[in-house]
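1. heads up, no residue letters with this:
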């Protein structure tokens, strides 16, 4: 035994890899590029943190939030963010693990919310206690996912996407016109939705949404608990036989089928799991808002959840949770012009930093942009002082130094906003075509134009702006970094 | 009987619009195997460009050119604007992803669709834009025409239907009888082989987007002549155009025409004989049934996958 030439024969105590492990794989860590010094050590430590440490960090952050800041607004945003995180976890099962482009996903969220509302409100006088209703909703959601998956299971790629999108449309049509459902009477309340939905209640003790006039913290903790449970449960599923099978399905459905995987069954399972999580999330949505309306569950929400999953890195649970937090917070900041302004300038600087790193070029670009702004502003003021006398969308005068930098006319002619917006889009696109020093030369004017459009056009209309930001994020992510922030790089073998 | 004729007329009008949209889906899918989600929004942008052109020419109440020329000009403006838009979308959102996994351009297309819808809403608001077609030459577009039985066929509908069919004939000619059309068909058949034969793939794909988007632009103007347009019409129109393309057999030009008409008729009869609220449901169920029973559509060839 002692002179066995196989690598790894020394056993776990020896220097070689353990039996059954390839030496090349075992030594992969040594070949990786390491950063030197303390930073490198920290980076290495962070990378090797176990998954539950990350989960604990997220959960602790949310748990501390209402203690640190007692405003109802922050709690409400945290609650909505948790709902988004749950939705993203569910979508991650279908898209990230199963590799199925399910565009009907938010319909299941709607199914969950409506089921909860119908079985727990004055609508039909049914009041099933929460503790029984939530499992029921989850089961109904899973069945709905199964049923939608049933006709879709043989379709691939785009066809699957479009059929599931049609199911979303069918769900919307049914719920909008559900006040007279084929003579069955008023089921969903139509466009008026269902009102006075029961709050969550446990063992006869109901949780009030408002506590002393502000958002009750109990909802936040209930959903946080549910999030942790779902996260861990899905983690276990992903590491199980089914999870491994899903990933093989995602990588190559044909190869999986040839290897004897029950491909159709796996697809149905993934649909069901995703739908169950979405339906579960729907219950909390309905309970908190005490009402459901059909248009909540439409295309914009779908795109929002998709952006979260793609941004975080589809397939990575921690990633999609972070993606959900980022997108949710950004969308929330964009609601308020003051925050949106700060977000814009921070975003521009971060974007430049990512593109140019810390370098002389970065300094030149920033300095040139600032100088250009002051110059343009001075010229504009010299020509006509009303061009720079305006107030921005939020009614406040542009703060501090910015008021001498960006032009804000007191009256914006009708043609300016479309022309400047289209000009901005065109020049940003053109910027991606030029290379080298020319690009650097072109960046400052484009940035200034962007600031002008942001201050004058986009801040005035938060609603379209939020969705434009999402759309741009999706496109540029797919081009620049399709694996998102935390996703693993995938190679498609043709 | 009159009701039937009226519904058939409605179906024909709507169906010709759907067919024009479906052609764009079909062409692009045929070449790139990409479901261009943004196509419906190109249609919407076309209707807005037509509106802008109409106002640049003096508005519907007091146009500076004769009515027939006005109609031709606004349609051409819509087609040209959309063609440019289509090329830009292809160049910036799809070309960088041509060799990426198939799911990537799809998600990018979703982003483009979203971006276009809300950009239009940002620039022009959410309110409806009405061409005010009735005011053109004192309503003669609506009032003149001929009768079938007791059903009035106004000249506007005749214009819509006939120009849609004229465009389809032009497209059929371009695809089947010209050199570029041959290059398109070759690219659609096998992109790599076509490239090896010296076909400039990038140009062919850009040209495909020009054709498809120009048709969508024309459809947008023709549609908005009858119905006020908003920034959000693109989504549903795109879905229906896609349905029409699938029913007819995606990648097939006559299929897209047939699919559009079938869809138009199905919708019109569902509205007339059943309930307007459920007509969308009928349309979508039709698609799901087609997907399951005959996924290659009426005129399509079944896809044989080689491993």
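-> Everything's here; your move. Note that the coordinates shown come from a computational prediction; the quantities given were computed from them, not determined experimentally.
2. Output the below-cut-off pLDDT ranges for chain A.
-> Across chain A, residues meeting the criterion (pLDDT under 70) sit at A:1-21, A:24-36, A:156-157, A:182-183, A:204, A:211-213, A:390-403, A:489-494.
3. What residue spans form the domains of it?
-> Domain segmentation of chain A under automatic domain parsing yields A:52-335, A:339-460.
4. and residue B:147, what helix or strand is that in?
-> Residue B:147 belongs to strand B:145-148 when assigned by DSSP states H and E.
5. what packs against the very next helix or strand once past that strand?
-> Note on strand B:145-148: by DSSP H and E, the next helix or strand toward the C-terminus is strand B:151-154. Secondary structure elements in contact with strand B:151-154, counted by 3 or more Cβ pairs under 8 Å, 6 or more residues apart in numbering or on different chains; DSSP states H and E, are helix B:2-32, helix B:140-143, strand B:145-148. C-betas here are computed from N, CA, C, even on glycine.
6. how near is residue B:102 to residue A:271?
-> For residue B:102, the distance to residue A:271 under the criterion Cβ to Cβ, to the nearest Å works out to 19 Å.
7. What segments of the stretch 201-307 of chain B are helices?
-> Under the criterion DSSP state H, counting those that start in this stretch, helices of the stretch 201-307 of chain B are mapped to B:201-226, B:233-248, B:253-269, B:279-293.
8. Could you tell me the least trusted of the ones you listed?
-> Out of those, the stretch the model trusts least by mean pLDDT is helix B:279-293, with a mean of 81.
9. Which strands or helices does that one pack on?
-> Helix B:279-293 is packed against helix A:130-152, helix A:157-176, helix B:233-248, helix B:253-269, with contacts defined by 3+ Cβ pairs under 8 Å, 6+ apart.
10. Highest mean neighbour count out of these?
-> Counting by mean count of other Cβ atoms under 10 Å in any protein chain shown, helix B:233-248 has the highest mean neighbour count of the helices and strands packed on helix B:279-293, with a mean of 27.
11. That one and chain A in contact?
-> Yes - using Cβ under 8 Å from any Cβ of the partner chain, helix B:233-248 reaches chain A at B:235, B:239, B:242-243, B:246.
12. Of these, just say which sits nearest to residue B:262.
-> Lowest distance from residue B:262 to those (Cβ to Cβ) belongs to residue B:243, with 9.5 Å.
13. thinking again about what came up before, compare the helices and strands packed on strand B:151-154 and report which one is nearest to chain A.
-> Chain A sits nearest to helix B:2-32 of all these, at 7.9 Å, using Cβ to the nearest Cβ.
14. For that closest one, name the packing helices and strands.
-> Checking 3+ Cβ pairs under 8 Å, 6+ apart, helix B:2-32 ends up next to helix B:39-56, strand B:151-154, helix B:155-177, helix B:179-189, helix B:201-226, helix B:233-248, helix B:253-269.
15. Please identify the buried residues of it?
-> Neighbour-count burial for helix B:2-32, counted by 16 or more other Cβ atoms under 10 Å in any protein chain shown, picks out B:6-32.
16. Show the end-to-end separation of stretch B:138-150, please.
-> One end of stretch B:138-150 sits 23 Å from the other (Cα to Cα, to the nearest Å).
17. Check the offset of that stretch from the chain's centre.
-> 26 Å (Cα atoms, centre = their mean, to the nearest Å).
18. List of residues touching it?
-> Here stretch B:138-150 makes contact (Cβ atoms under 8 Å, 6 or more residues apart in numbering or on different chains) with B:1-2, B:5, B:9, B:67, B:133-134, B:152-159.
19. Count residues in the vicinity of residue B:154, would you?
-> If you count neighbours by other Cβ atoms under 10 Å in any protein chain shown, residue B:154 ends up with 18.
20. Leaving out chain neighbours, which residue sits closest to it?
-> Closest residue in space to residue B:154, ignoring its immediate chain neighbours: residue B:145 at 4.3 Å, by Cβ to Cβ, 6 or more residues apart in numbering or on different chains.
21. Look at that neighbour and report its pLDDT.
-> On pLDDT, residue B:145 comes in at 77.
22. how many other residues sit next to residue A:263?
-> Neighbours of residue A:263 under the rule other Cβ under 10 Å: 19.
23. State the helix or strand in which the closest residue to it other than its chain neighbours lies.
-> Spatially, and ignoring its direct neighbours in sequence, residue A:263 is nearest to residue A:257 (4.6 Å; Cβ to Cβ, 6+ apart). Per DSSP H and E: residue A:257 is located in helix A:253-258.
24. neighbouring contacts of stretch B:111-121?
-> Contacts for stretch B:111-121 (Cβ under 8 Å, 6+ apart): A:300, A:303, A:421, A:425, A:461, A:463-465, A:467-468, A:470-475, A:478, B:37-38, B:40-42, B:44-45, B:48, B:89, B:93, B:231-232, B:234-235, B:238.
25. Quick check: buried residues in the longest helix seen in chain A?
-> Using DSSP state H to define each element, chain A has its longest helix at helix A:263-289. The neighbour-count check on helix A:263-289 (16+ other Cβ under 10 Å) flags A:263, A:266-289 as buried.
26. In contact with residue A:343, which residues are there?
-> Counting by Cβ under 8 Å, 6+ apart, residue A:343 has contacts A:330, A:333-334.
27. same for chain B: which of the residues you listed are within range?
-> By Cβ under 8 Å from any Cβ, no member of those lies near chain B.
28. got the buried residues for stretch A:214-232?
-> A:215-217, A:219-224, A:226-228, A:230-231.
29. Please name the nearest non-neighbouring residue to the residue of the stretch 201-350 of chain A at minimum distance from chain B.
-> The stretch 201-350 of chain A approaches chain B most closely through residue A:303 (5.3 Å), counting by Cβ to the nearest Cβ. With Cβ to Cβ, 6+ apart as the criterion, residue A:303 has its nearest non-adjacent residue at 5.3 Å, and that residue is residue B:114.
30. wait, is the one you found part of a helix?
-> Yes - Residue B:114: assigned to a helix according to DSSP: H, G, I helix; E, B strand; the rest coil.
31. how near is it to residue A:135?
-> Separation of residue B:114 from residue A:135 (Cβ to Cβ) stands at 35 Å.
32. Same check on residue A:383?
-> 69 Å.
33. same check, this time on residue A:114
-> Applying Cβ to Cβ to residue A:114 and residue A:135 gives a distance of 17 Å.
34. likewise residue A:345?
-> Counting by Cβ to Cβ - residue A:345 and residue A:135 are separated by 48 Å.
35. before we move on, the earlier item: of the contacts of stretch B:111-121, keep whichever come out buried.
-> A:300, A:303, A:421, A:425, A:461, A:464-465, A:467-468, A:470-475, A:478, B:37-38, B:40-42, B:44-45, B:48, B:89, B:93, B:231-232, B:234-235, B:238.
36. Not including adjacent chain positions, what is the nearest residue to residue B:23?
-> Residue B:23's closest residue in space is residue B:256 (Cβ to Cβ, 6+ apart), at 4.6 Å.
37. I'd guessed the one you found sits against residue B:245; true?
-> Yes - using Cβ atoms under 8 Å, residue B:256 is in contact with residue B:245, at 5.2 Å.
38. any idea which helix or strand of chain B has the worst average confidence?
-> helix B:140-143 (a mean of 76; mean pLDDT, DSSP states H and E).
39. Sweet, I'm off.
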